[in-house]
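In: sequence plus predicted model, see below.
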There are 2 protein chains.
Amino acid sequence: MDVLDPRRVLIFRAVARAGSISAAARDLGWTQPAVSQHLARLEREVGGPLLLRGPSGVRPTEAGTALLRRADVIAAELHAAGEELADLAQLRGGRVRLVAFPSAAATLVPTALGDLARERPGLEVGLEEAEPPEAMAAVLAGDADLALVFGYDGPPEGRGVLEWRPVLEEPVHLVLPAGDRAVAGLAELSDAEWIGGCVRCRAHLVACCEAAGFEPAIRHVTDDYVVVQNLVAAGLGVSVLPASALEAHRAPGVRSVELPGLGRRRVGLVFRPGADGVPATAAVAAALAAAAR
Amino acid sequence: MDVLDPRRVLIFRAVARAGSISAAARDLGWTQPAVSQHLARLEREVGGPLLLRGPSGVRPTEAGTALLRRADVIAAELHAAGEELADLAQLRGGRVRLVAFPSAAATLVPTALGDLARERPGLEVGLEEAEPPEAMAAVLAGDADLALVFGYDGPPEGRGVLEWRPVLEEPVHLVLPAGDRAVAGLAELSDAEWIGGCVRCRAHLVACCEAAGFEPAIRHVTDDYVVVQNLVAAGLGVSVLPASALEAHRAPGVRSVELPGLGRRRVGLVFRPGADGVPATAAVAAALAAAAR
DNA sequence: TCCATGACCCAAGCATCGCTTATGGGGCGT
DNA sequence: ACGCCCCATAAGCGATGCTTGGGTCATGGA
């Protein structure tokens, strides 16, 4: 005997509880011989009878009562698992670990999670802030389920295998003090002093300026878009910010202008392949996509 | 979805524990697609992925870890059930409730149970004394597994369905004071005073005497064969006793003679149909049969 | 760069498992 | 004595489920 077939154990339980093979067969929607055969086979594997057949039903032997106790546990556990999984599938429960870059965490994420909390009270979403590379690493390592990241030219190239789902694409604006003269092209600012953002943002700024024929003089560096705007308003330099950062906060004393030469920023989600099949993760992704438009 | 198929749950567990579908397939002695198909079907029933497939194996989702916990309980319970039933099948455990009539309980049963306790230390046998009708009723009611009973002409007729297994057949002896004259037939004792045993024994005595042409005068009644012999030795009457009662105890001052007219007593076991398939019960039955010869 | 390896999935074939139908025995009630 | 309700067995056939033989993708070494 290899090991007990759990299906037969449950069939045995149905018989023991129903009190007769025929009654169990009716309960199971089968015919009587089907149940009888399963039982006979189980008893052969076990090495002795589990039920004594009487004229009016069956009565468990000592082995039968022992097995019945175990079978009850198994059935209960199986039922509980079904409930638990149904809860997860129907979004009555579940936990999603979301990582997002700071400006998204300030704008897009709160509205999305607000909607979600209202519609799916059982769903827990844990938010952590991180820049795209760290965010993707967290997903890859299994420390997060979903990462909201951005890239300036196409999706951010990730080591390893992660799926990408675009959420939002936006222009990058030039940010100037409110009183400055009109600017038509990036080249006009070759002598300006610049305020740089995060590492990748600075790299993009440098690339755009080089395409326009100069190397920008970066004096100040901050990845906080409120600080950027305040520095610009104070006349300490010019900068670039994606449209959503300007929507989230607009300091008095700054002016923004969309320049094609600054390219566009693509925001999207990355996750482990197949994770979009997980209901909870899919729901969070959908809520973020909905909040983006 | 009806309910989770426990087999698939265990297959899922094998995969989660092995860390990859292929490894689980090797463990199970199957090919990889077989396991893959089971898993896919389980996930379809569950309504979402349980494992995220990566390039080097799988990693459980939230639903997967939830199911894994349940699956571990199920597997443990199944394994424990297997052990438990194997113990019962191989007589390392088990309990048998035996009912026996008094004179057997005094002779045959102790030797049988002694042998059994030596050979099968795990086997517990509970003994209770009862006259055949009560003993059979106990078996029928499920209060006992095995009854050692006797009948004077064939097996005792039992209401209900019980199986009969003969154990021993013995002559019934006439019991006389040691000094009495020789007796060749029952009819010579038509004027004697009689000592009667249990209800059924008295009925048998009366039937035998009637066949010999007289009705016995029963003066004393006891179902204790030691008391019977002492009364006979004291000259207070004559009696009949089965051979085994005389083997168990022989009072000085009594003489016994085998008379064909007294018939024979049949000792045997009764049990619920199929109960002889239960290893523990069969072992007790076998030990009793062995002790009888 | 290219191949070898190991993971997984998909499609198709076929054997086996397992359910059904059909039949028969046995006990119990009317 | 008949009918009903237990159960077991045998035979047949359909569906489940395992295998074989493809193919994709990512990783690691030559």
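Out: Yes, it's here.

In: since we're on residue A:264, how many residues are nearby?
Out: 14 (other CB atoms under 10 Å in any protein chain shown). Yep, even glycine has a C-beta here, placed from its N, CA and C like the rest.

In: could you verify my assumption that it touches residue A:170?
Out: Yes - using CB atoms under 8 Å, residue A:264 is in contact with residue A:170, at 6.4 Å.

In: got the phi/psi numbers for residue A:106?
Out: Phi and psi for residue A:106, reported as degrees, to the nearest 10, are phi -90, psi -20.

In: out of everything not next to it in sequence, what's closest to it?
Out: Nearest non-adjacent residue to residue A:106, counting by CB to CB, 6 or more residues apart in numbering or on different chains: residue A:248, 5.6 Å away.

In: state the distance from that neighbour to DNA strand C.
Out: 41 Å (CB to the nearest atom of the strand, to the nearest Å).

In: OK, contacts around residue A:3?
Out: B:78-79, B:82 (CB atoms under 8 Å, 6 or more residues apart in numbering or on different chains).

In: any idea which of those residues is closest to residue A:15?
Out: residue B:78 (17.8 Å; CB to CB).

In: pull the distance from whatever helix or strand that closest one lives in to the chain's centre.
Out: Assigned by DSSP states H and E, residue B:78 falls within helix B:62-89. Offset of helix B:62-89 from its chain centre (CA atoms, centre = their mean, to the nearest Å): 31 Å.

In: look up the closest residue to residue A:197, ignoring the ones flanking it.
Out: residue A:223 is the one closest to residue A:197 (CB to CB, 6+ apart), at 5.1 Å.

In: was I right about the one you found contacting residue A:201?
Out: Yes - Residue A:223 is within contact range of residue A:201, at 7.3 Å (criterion: CB under 8 Å).

In: and these two? Which one has more around it.
Out: Using other CB under 10 Å, the more surrounded residue of residue A:223 and residue A:201 is residue A:201, with 23 against 17.

In: can you tell me how far that one is from chain B?
Out: 31 Å (CB to the nearest CB, to the nearest Å).

In: so that residue: helix, strand or coil?
Out: The three-state label given to residue A:201 by DSSP: H, G, I helix; E, B strand; the rest coil is helix.

In: that one: what's it in contact with?
Out: Going by CB under 8 Å, 6+ apart, residue A:201 touches A:223, A:240.

In: surely residue A:146 touches residue A:272?
Out: No - applying CB under 8 Å as the test, residue A:146 and residue A:272 come out as separate, 9.3 Å apart.

In: what touches both of those two?
Out: Common neighbours of residue A:146 and residue A:272 (criterion: CB under 8 Å, 6+ apart): residue A:139.

In: looking at those two, which is more packed in?
Out: residue A:146 (27 against 23).

In: picking that back up, what are the buried residues along the helix holding residue B:78?
Out: B:62-64, B:66-68, B:70-71, B:73-75, B:77-78, B:81-82, B:84-85, B:88-89 (16 or more other CB atoms under 10 Å in any protein chain shown).

In: any idea how far DNA strand D is from residue A:170?
Out: 28 Å.

In: which strand or helix spans that residue?
Out: strand A:163-177.

In: the helix holding residue B:78 near chain A anywhere?
Out: Yes - for helix B:62-89, a contact with chain A is found by CB under 8 Å from any CB of the partner chain, at B:62-63, B:66-67, B:70-71, B:73-74, B:77-82, B:84-86, B:88-89.

In: avg pLDDT for that helix?
Out: Mean pLDDT, helix B:62-89: 97.

In: by contact count, what packs against it?
Out: The helices and strands touching helix B:62-89, judged by 3 or more CB pairs under 8 Å, 6 or more residues apart in numbering or on different chains; DSSP states H and E, are helix A:6-18, helix A:62-89, helix B:6-18, helix B:279-292.

In: relative to helix A:62-89, how tilted is the last one?
Out: Taking axes from the mean of the first three to the mean of the last three CA atoms, to 10 degrees, one finds helix B:279-292 and helix A:62-89 inclined to each other by 170 degrees.

In: likewise for the third one?
Out: Note on geometry: by the same axes, to 10 degrees, helix B:6-18 and helix A:62-89 are set 70 degrees apart in direction.

In: so how far is the helix-or-strand element of chain A with minimal mean pLDDT from its chain's centroid?
Out: The weakest-scoring helix or strand in chain A, judged by mean pLDDT, DSSP states H and E, is helix A:102-106 (a mean of 83). How far helix A:102-106 lies from its chain's middle: 16 Å, per CA atoms, centre = their mean.

In: OK, contacts around the residue of the stretch 151-293 of chain A found nearest DNA strand C?
Out: At 8.0 Å from DNA strand C, residue A:274 is the closest residue in the stretch 151-293 of chain A, using CB to the nearest atom of the strand. Residues near residue A:274 by CB under 8 Å, 6+ apart: B:49, B:52-53.

In: quick one: contacts of the helix or strand following the strand holding residue A:170?
Out: The element immediately downstream of strand A:163-177 (helix or strand, assigned by DSSP H and E) is strand A:193-196. Strand A:193-196 is touched from outside by A:202, A:205, A:216-222, A:228, A:231-232, A:236-239, with contacts defined as CB under 8 Å, 6+ apart.

In: tell me the buried residues in stretch A:257-264?
Out: A:259, A:262-263.

In: extract the C-alpha trace of that stretch and format it as CSV.
Out: In CSV, the C-alpha atoms belonging to stretch A:257-264 read as follows (Å, rounded to 0.1, in the frame of the first residue of the first chain):
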residue,chain,number,x,y,z
VAL,A,257,6.1,75.2,-20.8
GLU,A,258,5.9,72.0,-22.7
LEU,A,259,8.9,71.5,-25.0
PRO,A,260,9.0,68.6,-27.5
GLY,A,261,12.7,68.2,-26.9
LEU,A,262,12.1,67.1,-23.4
GLY,A,263,10.5,63.9,-24.4
ARG,A,264,7.8,62.1,-22.5
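
In: so for that stretch, mean pLDDT?
Out: Stretch A:257-264 comes out at a mean pLDDT of 91.

In: ok, the residue nearest to residue A:106 - contacts?
Out: Counted by CB under 8 Å, 6+ apart, residue A:248 has contacts A:103, A:106-107, A:225.

In: highest neighbour count among those residues?
Out: Within the contacts of residue A:248, most neighbours by other CB under 10 Å means residue A:103, with 25 neighbours.
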